[in-house]
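> Take a look and give me a structure for this.
(4 chains)
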Protein chains: 2
Amino acid sequence: MAKENKSRYAVLGMLSTEPMSGYDIKKAIENSVANFWNESYGQIYPILKQLADAGLTTSHTEKQEGKPERYVYTLTDKGREELLHWLAEPVEHAVERNELLLKLFFGHEVSVTTSIEHVRQFRMLMAALLQKYTGIIAYLNEHCMDAPDMLYRRITVSYGLHRTQALVQWCDETIELLQQMSGRDQSRPDK
Amino acid sequence: MAKENKSRYAVLGMLSTEPMSGYDIKKAIENSVANFWNESYGQIYPILKQLADAGLTTSHTEKQEGKPERYVYTLTDKGREELLHWLAEPVEHAVERNELLLKLFFGHEVSVTTSIEHVRQFRMLMAALLQKYTGIIAYLNEHCMDAPDMLYRRITVSYGLHRTQALVQWCDETIELLQQMSGRDQSRPDK
DNA sequence: CGTGTCATGTAATCAGTTACATGATTCA
DNA sequence: TGAATCATGTAACTGATTACATGACACG
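The predicted structure is shown next:
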């Protein structure tokens, strides 16, 4: 029942597709799971050492001309086992903090336009995400729909799509609601 | 540009409605913003001391018979100013980690039923949330729709509703997709 | 000549949870 | 008698980001 460090599994997972260096892992994360998972070098490099010490990976150096050396890590059978074990375990759900909602919750302390502006900003962010996601989905549909891991990739993007579309709608409804409010209530003028 | 501790503002915000003790603040958080914000005593009590040292609150003790003493904190004008300033600043958006999606992303490593089970579990969680939210909305519509801060409360619940409904739909679509997959592909049997 | 990429790492710091410590009262 | 609630706090630990340090090459 020991507390498990999720970052370890993110690294293990990345190594499960192919042997990589710490630098590679960072890049791989950035162009695959970055929409819902990030790691910094400050986490990756120490974890990579731990994993090697625990026998979950083996490492070998690759010399390159004109470039720094690379330390490439390969998953061992024990490492893959560890990953599979974690994948089979139930997901731990934590309440995620939402700064936007916290600010809106105290909205009666400030002007209505302040809250509206927060929601507008958020809507722009969501709209940008929407475009990004639809682009990825289109790409995945065109290319490489045969690869089995592409299905799982599409599932994660679809999650983002559903969530983002719903939040855009919430933004629109909320902005309208707040605007109606600001028409009626003049008690707190701007600035 | 100093990094700002969000927990400070959560505490300040709670104190903005009425003077409270650390214990009260924990309770207040639990039955108002707990769906998107939590604080532990390990955060609250030290912050309360900091705020008093910085002149953002004043404190006085309340003696009670048969119960421990209470240290009740009241927002000062300076404290309210600090809160208002933070409320007016743009929201910082951080990428939130999603363990479910990380596990699904590596779904090709395990059996399809494992992934289906993860999504099913998540769906049950979302269904429970849905009930909770609709209950709160109904309550807010019946009672106290006059209070101005109730509007903002409803807005935060509405966010949860939109998000949760969308995710339930995603669950259904994803389960169906995975089931179709498991019908076709027998390459990775269960267990 | 400066910026960006490749590449690895450590140290300092901050944020946050959990466990521990204390102690009276009330209720089943 | 034991659990729950009221009430305040600290210490240990874990997790995570950021800044720092180094150094060469390529591209404009």
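
> low-confidence ranges in chain A?
For chain A, applying pLDDT under 70 flags the ranges A:1-3, A:65-66, A:144-145, A:184-191.

> Show me which residues of it are close to DNA strand C?
Within chain A, the positions lying close to DNA strand C (CB under 7 Å from any atom of the strand) are A:21-24, A:27, A:41-42, A:45-46, A:48-49, A:64, A:67-72, A:97. No exception for glycine: its C-beta is placed from N, CA and C like everyone else's.

> If we use 10 Å, what do you get?
Contact residues (CB under 10 Å from any atom of the strand) of chain A with DNA strand C: A:1, A:3, A:20-27, A:40-46, A:48-49, A:52, A:59, A:61-62, A:64, A:66-73, A:92, A:94-95, A:97, A:99.

> now the spatially most central residue of chain A, nearest residue through space, not along the chain?
The centroid of chain A falls nearest to A:Phe36 when counting by CA atoms, centre = their mean (1.4 Å). Excluding its sequence neighbours, the residue lying closest to A:Phe36 (CB to CB, 6 or more residues apart in numbering or on different chains) is B:Asn98, at 3.9 Å.

> For chain A, which segments are assigned as helices?
Assigned helices in chain A, in chain order: A:6-17, A:22-30, A:41-53, A:77-88, A:99-105, A:112-142, A:148-184 (criterion: DSSP state H).

> Which of those sits closest to chain B?
helix A:148-184 (3.4 Å; CB to the nearest CB).

> orientation of that closest one relative to helix B:148-184 in degrees?
160 degrees (axes from the mean of the first three to the mean of the last three CA atoms, to 10 degrees).

> Show me what helix A:148-184 packs onto, helices and strands only.
Secondary-structure packing of helix A:148-184 (3 or more CB pairs under 8 Å, 6 or more residues apart in numbering or on different chains; DSSP states H and E): helix A:112-142, helix B:99-105, helix B:148-184.

> In contact with the residue nearest to A:Phe36: list those residues for me.
A:36-37, A:159 (CB atoms under 8 Å, 6 or more residues apart in numbering or on different chains).

> Check the gap between the closest residue to DNA strand D within chain A and B:Glu99 for me.
Ranking the residues of chain A by distance to DNA strand D (CB to the nearest atom of the strand) places A:Gly42 first, at 2.4 Å. Using CB to CB, to the nearest Å, A:Gly42 is found at 20 Å from B:Glu99.

> These two: which is more packed in?
Using other CB atoms under 10 Å in any protein chain shown as the criterion, A:Gly42 and B:Glu99 rank with B:Glu99 on top: 19 against 8.

> Can you tell me how far the more buried one is from chain A?
5 Å (CB to the nearest CB, to the nearest Å).

> Was I right to think that residue contacts A:Glu92?
Yes. Between B:Glu99 and A:Glu92 there is a contact under CB atoms under 8 Å: 6.1 Å.

> Relative to DNA strand C, how far out is A:Glu4?
Separation of A:Glu4 from DNA strand C (CB to the nearest atom of the strand, to the nearest Å) stands at 12 Å.

> Tell me how many other residues crowd A:Lys49.
By other CB under 10 Å, 15 other residues sit near A:Lys49.
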